[in-house]
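*Asks:* Pasting a predicted model and its sequence here:
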Amino acid sequence: MVGREGRVDALIPFDEVLTRYEPVIGLETHVELGTVTKMFCGCPARFGGEPNSLVCPVCLGLPGSLPVTNRAAIEYTIRIGLALNCTIADWCRFARKNYFYPDMPKNFQISQYDEPLCTNGYLDISVEDPGAEGGARQVRVGIERVHLEEDTGKSLHVGGATGRIHGADYSLVDYNRAGIPLVEIVTKPVEGTGPLAPAVAHTYVSELRDLMRALEVSDVRMEEGSLRCDVNTSLSPRGSGVWGTRTETKNVNSLRSVERAVRYEIERQAAVLDEGRPVALETRHFHEDTGVTTVGRSKEEAQDYRYFPEPDLVPVAPSREWVEQIRAALPELPLARRARLKTEWGLSDREFAAIHNAGAVDLVARTVEAGAPPADARKWWLNELVRRANESGTDLAELPITPADVARVAALVASGELNDKLARQVIEGVLAGEGTPDEVVAARGLAIVSDEGALTAAVDEAIAANPEVAQKVRDGKVAAAGALVGAVMKATRGQADAARARELILARLGRG
Amino acid sequence: MPIARDDVAHLARLSRLALADGELDHLAAQLDVIISAVARVQEVAAEGIPPTSHAVPLVNVFRDDVEWPCLGAEKALDQAPAVEQQRFRVPRILAED
Amino acid sequence: MADELTRMSAAGIAAAIAGGEVSALEVTDAHLAWIGEVDDAVHAFLHVAADGARRAARAVDERRADGEPLGPLAGVPLALKDLFTTTDMPTTCGSAILNGWRPPYDATITRRLREAGVVILGKTNMDEFAMGSSTENSAFGPTHNPWDLTRVPGGSSGGSSAAVAAFEAPLAIGTDTGGSIRQPAAVCGVVGVKPTYGGSSRYGVVAFASSLDTPGPLARTVLDAALLHETMSGHDPCDSTSVDAPVPPVVAAARQADVSGLTIGVVPELGGEGCQPGVLARFGEAVELLESLGAKVIEVSCPHFSYALPAYYLIAPSECSSNLARFDGMRYGLRAGDDGTRSAEEVMALTREQGFGAEVKRRIMLGTYALSSGYYDAYYGKAQQVRTLIIRDFEAAFDRVDVLVSPSTPTTAFPLGERVDDPLAMYVADLCTIPSDLAGNAALSVPCGLAAEDGLPVGLQIMAPVLADDRVYRVGAAVEAALESRRGHPLLDDAKGLG
């Protein structure tokens, strides 16, 4: 693993690390709110758009411009805070975070410092753990704070090898994103997760994402940047009770990267500590392609942001009535929803955990809504469709088949028009874009042959073609009928009703 | 408490001011005098006195989440020292992280 | 006639236009002509917008001809401090870093003036980014006091006060952060008012110290100032710190001009040490005058006012160090040193080094220092506590009196160049005005005579509680009327600077 200076990072294998160290992780997540307008001005808070077309004097930070707080952004943040079981401040303020950077038009960011809107909450998550009871470990991730700030513009770096900032000759800045409301959610340190640390990080971000979607406050797409993650990792020598120095890893742009980054840092830091060197308090950059972290620009000293209360804005003091209104309007949260569905579907913890771990809860739920029995819905999604998703390297939810389609297939099997084998072919057809399940059945002629005449003809042909087997059946070896059923199935390309074929065969041969 | 020349040089860096040496010396001397003068505020007994950041107390000033007209890229960019691809062209940025 | 037009008050001009005695265009032309004659010497203006002014004047004339109703200041010329954004005129803030900048949007106040039919003649000179008390910190050369061209007009709104004192405009607008309307008004012998903080919109007013900056009117009479105050003030949804309450009835108060029954407090902390004898003498007489007019006068000590100056010179630079960070050569204004090899950091530092003057650099570094980790509590934090104590002093005082009075500034106009190398000496000019900026309450400066030793104007400062702006107009108008009647002619008739 090559570090930025060309030095190879030594790594201790993960399992070995855990025999001697306890990982402690923390996550800072930024969520871009899906409000109509920006945090402090009326420009559209839209993704995309011609560069610098969604700007005004305020978000450009032009001399003389002034911010005015978007009420919806406050409401969304309170919603998030309530869903994370936080205390909502009676009174809080914005503060200026001062530093120079070309993507920040004012060279300060309006944020919150020691007076955030929400504090001291938690998110309960269920982490896949085959060794645990029910197949999952329950972890309560403490939430330190939830606060609001404004997003920065975006830079394109020109001239460097990879479009990254290192080696660039100059940069091009687009301020469309500047001023979009950003909620920062900071966890308390999460300890005691041991080997599950990377999975805990992954699951936390995934759950948080689901929560944001359920709350309808953001579309939380990591690939679009509306959900961003920094991961903090440190190692504590087992049993010492002394926390290690943490590193902050940025540029973690997918759930998988969250997990990989934590894992890498655990392995790297262990190697450093084993050599007797201290872990440096630093910010690191995660590389998706190689899975390693490298040091960011080393700083001479920690940044002094010279925070002070934002004088252009007045304090935010949400009334308790307003907070209760928001609380009353909260939708069913994912945790509660999952508990309800598990009960409704009559599943054990482990069974439900399997659905959840596959990311299929929503899909199964919608399939049930479309009329399928939960067991059928579960069966199709977790078996055939998971297999197909893995084959094509896509997410389950990205497969080109809808829950309604799956429900239809299940219905066709239940009514006897399809058997499992045929059903799998129908699914294949739908995934290939051949149309709805019914269209595929018709086009491919996949319906079970229930026409007695055709079936009888096929049975007679099979008997005629296999006289020795037929004789065995006549003689009382009923089990041998299986081969004749097989022949009928083959002759009908699997579309015969196997049970009926068997009945007919036995009847024909005097054993029915 | 006097402020050392090095401290002033540091402040200049933090504030993005490329002071020439002579200017730095001159400003350092002046800042030293000024800081000593303003330090008088420390004489005031202020135990338990809340700080005021807004003289006229207001809270909860909000705007509705409704769009207003944007400037348009042309107006946004036409005073810019350098423009390329409808963006503000700036000199190379040293990486922050 | 042109001569007479430039000597008229705003109220008089508005009435003459509305009454058809003169056209708005004639009035504007007369002022433009006079500016042409005297501004080479005074240098009140950085930009004269002759075409725009004439267009605005003609529009007023057309509306009058169409029988449309005209506002109380329609057709009246005005000089606007170059700190306010104007789409049709440059906005430099007195700084090289914004030389040539054309804002793409108008300040709310600019918009309101235009809607009211006020004719903006141009942008006036000022101390760079409103930092200073003499207008000598302008990157474009100082303004000269019309009373004596070798002296300062005060600052930072020196161009505005000089324009009014030199009859280049009957009205002007400035901003007051530490005294930058009242002090120049005092040393130029005109009326200047700092409204209650938040009374006038700051949207489009380039920020110096956000929690202190207050746009306000300058004029030759208290009534004119009141008329402008009403036109420019009022809630603005684009400014979160804007007061959402009706504008106090300042015009009515200016007309009322009566102090009988009022209790007036003299603040000993604001009128002793460091005050020029002639200033104290005129001030003392003004106090006696108030008594003779039927007011009761008592002494009210405001002990923390002695700490107002150091508190201000921590709070204001702190806020300004942050507000001025945006001037970095990346998006507008000056960009220096970009030779293709330098980094953004380096170009920012070279741009700011070249674009900012010495006072601005001093305050930026002072503010950066006061906000630094390790120093915040002792400096910025402490100053904000002192601010609370000053507010409480005012509240206690206003429990006992209706208004407080003091000299507006310790000395008369000092000579150009006298204090440029001595920042602390320069800062002392704000001694009397600063407390009201920190507390946000209304304050007015009205001329109360000439100092015996130099024949230069002295200002009386009147302070009222937050949102009680009408009181300062009421008392100010009473003093003005009594003094003028005593003197027999307007004060400015005695200004000899322009011959």
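*Replies:* Everything's here; your move. It should be emphasised that the depicted structure is a prediction, and the values quoted were computed from it without experimental measurement. Numbering: from 1, shown residues only, chains lettered A, B, ... in the order given.

*Asks:* Any stretches of chain A with poor pLDDT?
*Replies:* For chain A, residues meeting the criterion pLDDT under 70 lie at A:1-7, A:297-302, A:449-450, A:512.

*Asks:* could you redo the last one with a cut-off of 80?
*Replies:* Chain A contains residues with pLDDT under 80 at A:1-8, A:134, A:160-167, A:296-303, A:445, A:447-453, A:511-512.

*Asks:* After the helix or strand of chain C with the lowest mean pLDDT, which helix or strand is next? Please name it.
*Replies:* In chain C, no helix or strand scores lower on mean pLDDT, DSSP states H and E than helix C:2-7, which sits at a mean of 84. For helix C:2-7, the following helix or strand on the C-terminal side (DSSP states H and E) is helix C:10-18.

*Asks:* next one: that next one to chain centre, how far?
*Replies:* 23 Å (CA atoms, centre = their mean, to the nearest Å).

*Asks:* Longest strand in chain B, please.
*Replies:* Using DSSP state E to define each element, chain B has its longest strand at strand B:87-91.

*Asks:* Any part of it near chain A?
*Replies:* Yes - remark: strand B:87-91 sits within contact range of chain A at B:Arg87, B:Phe88, B:Arg89, B:Val90, B:Pro91, by CB under 8 Å from any CB of the partner chain. Placement of C-beta: from N, CA and C, glycine included.

*Asks:* what's the average pLDDT for that strand?
*Replies:* Averaged across strand B:87-91, pLDDT comes to 97.

*Asks:* How much space separates A:Glu259 from chain B?
*Replies:* Relative to chain B, A:Glu259 is positioned 21 Å away (CB to the nearest CB, to the nearest Å).

*Asks:* That residue: neighbouring residues, count only.
*Replies:* Under the neighbour criterion other CB atoms under 10 Å in any protein chain shown, A:Glu259 is assigned a count of 21.

*Asks:* who's in contact with the residue nearest the centre of chain C?
*Replies:* In chain C, the centroid-proximal residue (CA atoms, centre = their mean) is C:Ile181; its distance is 2.1 Å. Going by CB atoms under 8 Å, 6 or more residues apart in numbering or on different chains, C:Ile181 touches C:157, C:160-161, C:174-175, C:192-194, C:214, C:216-218, C:445.

*Asks:* Looking at those residues, point me to the pair that's furthest apart.
*Replies:* Taking CB to CB as the measure, the contacts of C:Ile181 span a maximum distance of 15.6 Å, between C:Ser161 and C:Thr214.

*Asks:* More neighbours: the two, which one.
*Replies:* More crowded of C:Ser161 and C:Thr214, by other CB under 10 Å: C:Ser161, with 37 against 26.

*Asks:* What ranges does chain B have for its strands?
*Replies:* For chain B, the strands defined by DSSP E cover B:62-63, B:83-84, B:87-91.

*Asks:* swap in chain C?
*Replies:* C:45-48, C:77-81, C:119-124, C:171-176, C:191-194, C:214-219, C:263-266, C:296-299, C:403-407, C:443-450, C:457-463.

*Asks:* Please identify the deepest-packed of those strands.
*Replies:* Among these, the stretch with the highest mean neighbour count (mean count of other CB atoms under 10 Å in any protein chain shown) is strand C:191-194, at a mean of 33.

*Asks:* can that strand be found next to chain B?
*Replies:* No - Strand C:191-194 does not reach chain B (CB under 8 Å from any CB); its nearest approach is 11.9 Å.

*Asks:* residues in contact with the residue of the stretch 251-400 of chain C found nearest chain B?
*Replies:* Ranked by CB to the nearest CB, the top residue of the stretch 251-400 of chain C for proximity to chain B is C:Gln384, at 3.3 Å. Counting by CB under 8 Å, 6+ apart, C:Gln384 makes contact with B:Pro51, B:Thr52, B:Ser53, C:Ala311, C:Ile315.

*Asks:* Can you give me the pLDDT of it?
*Replies:* 95.

*Asks:* cool, and the one 4 residues further on?
*Replies:* Looking at C:Thr388, its pLDDT is 97.

*Asks:* any idea how chain A splits into domains?
*Replies:* A:14-322, A:358-444, A:452-508 (automatic domain parsing).

*Asks:* What residues does the residue most central in space within chain A make contact with?
*Replies:* In chain A, the residue lying closest to the centroid (CA atoms, centre = their mean) is A:Ser206, at 4.2 Å. With contacts defined as CB under 8 Å, 6+ apart, A:Ser206 is in contact with A:Leu255.

*Asks:* And for C:Thr124?
*Replies:* C:44-46, C:79-82, C:143, C:157, C:159-160, C:162-163, C:172, C:174.

*Asks:* Quick one: low-confidence residue ranges for chain C.
*Replies:* C:1-3, C:271-273, C:496-499.

*Asks:* ditto for chain B
*Replies:* In the prediction, chain B carries residues with pLDDT under 80 at positions B:1-2, B:56, B:94-97.

*Asks:* which residues of it fall in helices?
*Replies:* Per DSSP state H, chain B carries helices over the ranges B:5-14, B:21-38, B:73-77.

*Asks:* same thing with the stretch 151-300 of chain A?
*Replies:* With helices called from DSSP state H, counting those that start in this stretch, the stretch 151-300 of chain A shows them at A:197-215, A:255-274.

*Asks:* just how off-centre is the first one within its chain?
*Replies:* Taking CA atoms, centre = their mean, the mean C-alpha location of helix A:197-215 is offset from the chain mean by 7 Å.

*Asks:* if I look at A:Phe86, how far off is chain B?
*Replies:* Careful, residue A:86 is Cys and not Phe. A:Cys86 is 20 Å from chain B, by CB to the nearest CB.

*Asks:* How about that residue: what's its closest non-neighbour residue?
*Replies:* Once flanking residues are discounted, A:Cys86 sits nearest to A:Gly121: 3.3 Å by CB to CB, 6 or more residues apart in numbering or on different chains.

*Asks:* what bridges to that neighbour?
*Replies:* Using DSSP bridges, the beta-bridge partners of A:Gly121 come out as A:Ile143.

*Asks:* Hmm, A:Val141 and it touching each other?
*Replies:* No - if you go by CB atoms under 8 Å, A:Gly121 and A:Val141 don't touch, sitting 9.5 Å apart.

*Asks:* Near chain A, which residues of chain B are found?
*Replies:* Checking chain B against chain A by CB under 8 Å from any CB, the hits are B:14, B:16, B:53-54, B:57-73, B:76-77, B:84-97.

*Asks:* Please report the distance of the residue positioned nearest the centre of chain B from B:Ala28.
*Replies:* The geometric centre of chain B, computed from its C-alpha atoms, lies nearest to B:Ser15 (CA atoms, centre = their mean), at 6.8 Å. Distance of B:Ser15 to B:Ala28, given as CB to CB, to the nearest Å: 14 Å.
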